[in-house]
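Chemist: sequence and predicted structure are below.
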Amino acid sequence: MIDRSSLADFLRGRREALQPEDVGLNRGQRRRTTGLRREEVALLANMSADYYARLERERGPQPSEQMLAAIAQGLRLSIDERDHLFRLAGHQPPQPGPGGDHVSPGMMRIFDRLVDTPAEIVTELGETLQQTPLAAAITGDAAERSGDMRSIGFRWFTDPAARALHPEEDHEFLSRMYASGLRGIIAQRGPTSRAAHLAEVLLAENAEFREVWARHEVGIRPREVKHFRHPEVGLLTLTCQVLLDPERSHALLVYTAEPGSESADRLRLLSVIGTSVLPG
């Protein structure tokens, strides 16, 4: 059962322990609130301020697991704190182990400081968990994706829009890379894993995937330099730096352009017109 009083106290305590700069927000002037405002937590958790406020006031319906996961990420909770939140709200915590959608507080602290840089946090299956506005302008809004389509490897073989992001000369390599990566994850996670499910669907529905899969290639690593085609600013040549969280099997990808290059100029232009994000 939900423990409304303890839940409200816990949420309030974690909110007041965070400062705006801890989560990439501007402090602003004449700030009197201790820690974050309720509205700021709601923004970070992508929910209404009224819904979150009712939880702190011991009111409203029992929050769903999806809502709790969003709050836990918005408040930058550790895994132990997230599990405690679930129990207070009357739910069993997510199963332990690698993967999952909850990003560690340490990685989120780094990500929060990259607001003006193309950056995203992804799972081992290439599911975007967090992305900066500039990353969304380049690769599409991850919030619009669901189910199997969250995986970039799955989208690569099923969604023409995923291929339109890259020049044609990169397509063959990317097909081999995604198939190789999926094969490696299945070897780690086993035949009942989500990776195995994605491979099963692709084998049944996509002829190109069947052809590439039959090569049994493994160990094809992503290239450090990546090329993206944007409909408004043109071709972007970006270097991708990767920070790994091996415990969660998450990766922080940060994209930069060589100073003085044409891509650097185009990236600056995109930061101005970035509201025109690509479709997910």
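Modeler: Perfect, thanks for sending it. Because the structure is predicted, anything quoted here is derived from the model rather than measured.
Chemist: SS state for Val122?
Modeler: State at Val122, reduced to three classes by DSSP: H, G, I helix; E, B strand; the rest coil: strand.
Chemist: that one touches Thr128, doesn't it?
Modeler: Yes: Val122 sits in contact with Thr128 when judged by Cβ atoms under 8 Å, with a separation of 5.4 Å. The way it works is simple: take the backbone N, C-alpha and C, and place the C-beta from them, glycine included.
Chemist: shared neighbours, those two?
Modeler: Between them, Val122 and Thr128 share these contacting residues under Cβ atoms under 8 Å, 6 or more residues apart in numbering: Ile152.
Chemist: where do the helices sit along this protein?
Modeler: Ranges of helices within the chain are 4-17, 38-45, 49-56, 65-74, 79-88, 105-111, 133-139, 152-158, 160-164, 171-189, 194-205, 207-213, 262-273, based on DSSP state H.
Chemist: got JSON lines for those, with distance to Asn26 and mean neighbour count too?
Modeler: Putting the helices of the chain into JSON lines (distance: least, Cβ to Cβ, whole Å; neighbours: other Cβ atoms under 10 Å) gives the following:
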{"stretch": "helix 4-17", "distance to Asn26": "17", "mean neighbour count": "16"}
{"stretch": "helix 38-45", "distance to Asn26": "10", "mean neighbour count": "19"}
{"stretch": "helix 49-56", "distance to Asn26": "18", "mean neighbour count": "18"}
{"stretch": "helix 65-74", "distance to Asn26": "17", "mean neighbour count": "20"}
{"stretch": "helix 79-88", "distance to Asn26": "25", "mean neighbour count": "17"}
{"stretch": "helix 105-111", "distance to Asn26": "17", "mean neighbour count": "17"}
{"stretch": "helix 133-139", "distance to Asn26": "15", "mean neighbour count": "21"}
{"stretch": "helix 152-158", "distance to Asn26": "32", "mean neighbour count": "22"}
{"stretch": "helix 160-164", "distance to Asn26": "34", "mean neighbour count": "14"}
{"stretch": "helix 171-189", "distance to Asn26": "38", "mean neighbour count": "18"}
{"stretch": "helix 194-205", "distance to Asn26": "38", "mean neighbour count": "16"}
{"stretch": "helix 207-213", "distance to Asn26": "45", "mean neighbour count": "16"}
{"stretch": "helix 262-273", "distance to Asn26": "17", "mean neighbour count": "16"}
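Chemist: quick one: which of those helices is nearest His250?
Modeler: Across the helices of the chain, His250 has its closest neighbour in helix 105-111 (6.5 Å, Cβ to Cβ).
Chemist: and that closest one, what does it pack onto?
Modeler: In terms of contact count using 3 or more Cβ pairs under 8 Å, 6 or more residues apart in numbering; DSSP states H and E, helix 105-111 is assigned the packing partners strand 119-123, strand 234-245, strand 250-256.
Chemist: other residues contacting that helix?
Modeler: With Cβ under 8 Å, 6+ apart as the test, helix 105-111 has contacts from 22-24, 73, 76-78, 103, 119, 121, 130, 132, 243, 245, 248, 250, 252.
Chemist: state the mean pLDDT of that helix.
Modeler: Confidence over helix 105-111, taken as the mean pLDDT, stands at 94.
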